[in-house]
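>>> got a structure for you, letters missing:
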């Protein structure tokens, strides 16, 4: 049995779906039907194919079993629910908007570029810390004390001391091991592990790469990531095939050109494709290793590729260095 968070709106309002109802169900469709029946027209649930959910029966604080609550109370309600649900008490910690902590963390961690055009205001760091916390949660590496919790951010300060996110009460700090020891904290949780299968981190260029052309060329979101001049071409498939052949030759000479990313619970590789010139990548293709081949699912802008790759490690390959991407974007803006 799962707990679903179903967006609702008051029947007499024309506002967006700004309330949430907690409901136990086995599927999103069942959650919608139960919510509709329970609220009996007083609130109208939003019908979605998938709702935010948790794979257990979550404690329902106060009167949330009867009435929807305003979305502004979501974090407070969830914290109370997690604290009172046996076995998931750890989830009551770090239920915050990490965008509010990126400035603080970036000043302590080794200096690097955490923003680009697609992810401004240190959006890369916000994504990094959210995804890192989720991975550590799945690995059960969140350390819980009597009145505190902490996890390993995977980042380092300028002295290459590991940085831990530490929460006591409502305050979140980023501390080194020494600073944790100063306040009597003994635990030193491990970093997230993306290397269970290290063989997936390198591209075997002998294997074919099967491209999902329909998705890359016909999907509107993918089209927006491709160069405009390329989209005008009548020779798109041959151009992509030629870029793939060229890329495989380059990777055979320099394995570092294939950069790993962690997406949807799997390791994928990001491969640079030069569509408009021989030496300037325009997009990255994300590929997944199958038994005797790779599948190319989608294309990403270089901004998106950097954001995804940074979760595992700071990319050091020339085609995906943050400073180079930012510099290129600025030049492109000037030219246009």
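Arrived safely, thanks for sending. Source: prediction; values computed, not measured.

>>> and stretch 266-278, what's its mean pLDDT?
Taken as a whole, stretch 266-278 has an average pLDDT of 94.

>>> list the buried ones in it?
Applying a neighbour-count criterion of 16 or more other C-beta atoms under 10 Å, the buried positions in stretch 266-278 are 267-275. From N, CA and C alone the C-beta is placed, and that goes for glycine too.

>>> Stretch 178-189 too?
Buried-residue list, stretch 178-189, by 16+ other C-beta under 10 Å: 180, 185, 189.

>>> could I get those residues as TSV with pLDDT?
Below are the buried residues of stretch 178-189 laid out as TSV (pLDDT from 0 to 100):
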residue	pLDDT
180	97
185	95
189	96
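
>>> what pairs with the helix or strand encompassing residue 151, and is each one parallel or antiparallel?
Assessed by DSSP states H and E, residue 151 sits inside strand 148-156. In the sheet, strand 148-156 lines up against strand 143-144 (antiparallel), strand 162-168 (antiparallel) (DSSP bridges).

>>> What residues sit buried inside it?
Under 16+ other C-beta under 10 Å, the buried positions of strand 148-156 are 148-155.

>>> Adding distance to residue 289, write those residues out as TSV.
TSV is the format used below for the buried residues of strand 148-156 (distance: C-beta to C-beta, whole Å):
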residue	distance to residue 289
148	40
149	35
150	34
151	29
152	28
153	28
154	24
155	28
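
>>> and which of those residues is nearest residue 223?
Among the buried residues of strand 148-156, residue 154 lies closest to residue 223 (C-beta to C-beta), at 34.4 Å.

>>> dump the residue contacts of the closest residue in space to that closest one that isn't next to it in sequence.
Counting by C-beta to C-beta, 6 or more residues apart in numbering, residue 191 is the residue found nearest to residue 154 once chain neighbours are left out, at 4.7 Å. Shown in contact with residue 191 (C-beta atoms under 8 Å, 6 or more residues apart in numbering): 152, 154, 162.

>>> Going by distance to residue 307, which of those wins?
For the contacts of residue 191, the closest approach to residue 307 (C-beta to C-beta) belongs to residue 154, at 15.4 Å.

>>> any idea of the angle the strand or helix carrying residue 131 forms with strand 148-156?
Residue 131 is part of helix 123-138 when elements are defined by DSSP H and E. In terms of direction (axes from the mean of the first three to the mean of the last three C-alpha atoms, to 10 degrees), helix 123-138 departs from strand 148-156 by 130 degrees.

>>> Make 597 the starting number, not 1.
Sure thing, new numbering starts at 597, so read that last one as helix 719-734.

>>> What residues sit buried inside helix 719-734?
719-729, 731-733.

>>> for stretch 676-687, same thing?
So for stretch 676-687, counting by 16+ other C-beta under 10 Å, buried means 676-678, 681, 684, 686-687.

>>> Of all those, the one with the weakest confidence?
Lowest in pLDDT among those is residue 686, which has 70.

>>> residue contacts, that one?
678, 733, 738, 740, 745.

>>> residues in contact with stretch 657-671?
Stretch 657-671 is contacted from outside by 601, 603-604, 614-618, 635, 639, 673, 676-677, 680, 691-693, using C-beta under 8 Å, 6+ apart.

>>> for that stretch, which positions count as buried?
Buried, per 16+ other C-beta under 10 Å, within stretch 657-671: 657, 660, 664-665, 667.

>>> From the chain's centroid, how far away is it?
How far stretch 657-671 lies from its chain's middle: 26 Å, per C-alpha atoms, centre = their mean, to the nearest Å.

>>> likewise stretch 873-890?
20 Å.

>>> Which positions in it come out as buried?
Quick answer for stretch 873-890 (16+ other C-beta under 10 Å): 877-885, 890.

>>> Just the closest of these to residue 703, please.
If you rank the buried residues of stretch 873-890 by distance to residue 703 using C-beta to C-beta, residue 880 comes first, at 30.0 Å.

>>> ok, that closest one - contacts?
Residue 880 neighbours (C-beta under 8 Å, 6+ apart): 855, 866-869, 895-898, 900-901, 916.

>>> now for the helix holding residue 727, which elements pack on it?
Counting contacts by 3 or more C-beta pairs under 8 Å, 6 or more residues apart in numbering; DSSP states H and E, helix 719-734 packs against helix 698-704, strand 744-752, helix 898-905.

>>> Try it again at 6 Å.
Under the contact criterion of 3 or more C-beta pairs under 6 Å, 6 or more residues apart in numbering; DSSP states H and E, helix 719-734 touches helix 698-704.

>>> Which positions in the helix it packs on come out as buried?
Residues of helix 698-704 classed as buried by neighbour count (16+ other C-beta under 10 Å): 698, 701-702, 704.

>>> Dump those residues to JSON lines, plus pLDDT and distance to residue 712.
Shown next, in JSON lines, are the buried residues of helix 698-704 (pLDDT from 0 to 100; distance: C-beta to C-beta, whole Å):
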{"residue": "698", "pLDDT": "97", "distance to residue 712": "14"}
{"residue": "701", "pLDDT": "98", "distance to residue 712": "18"}
{"residue": "702", "pLDDT": "97", "distance to residue 712": "14"}
{"residue": "704", "pLDDT": "97", "distance to residue 712": "21"}
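
>>> pLDDT below threshold where in this structure?
Within the chain, the segments meeting pLDDT under 70 span 610-611, 919-932.
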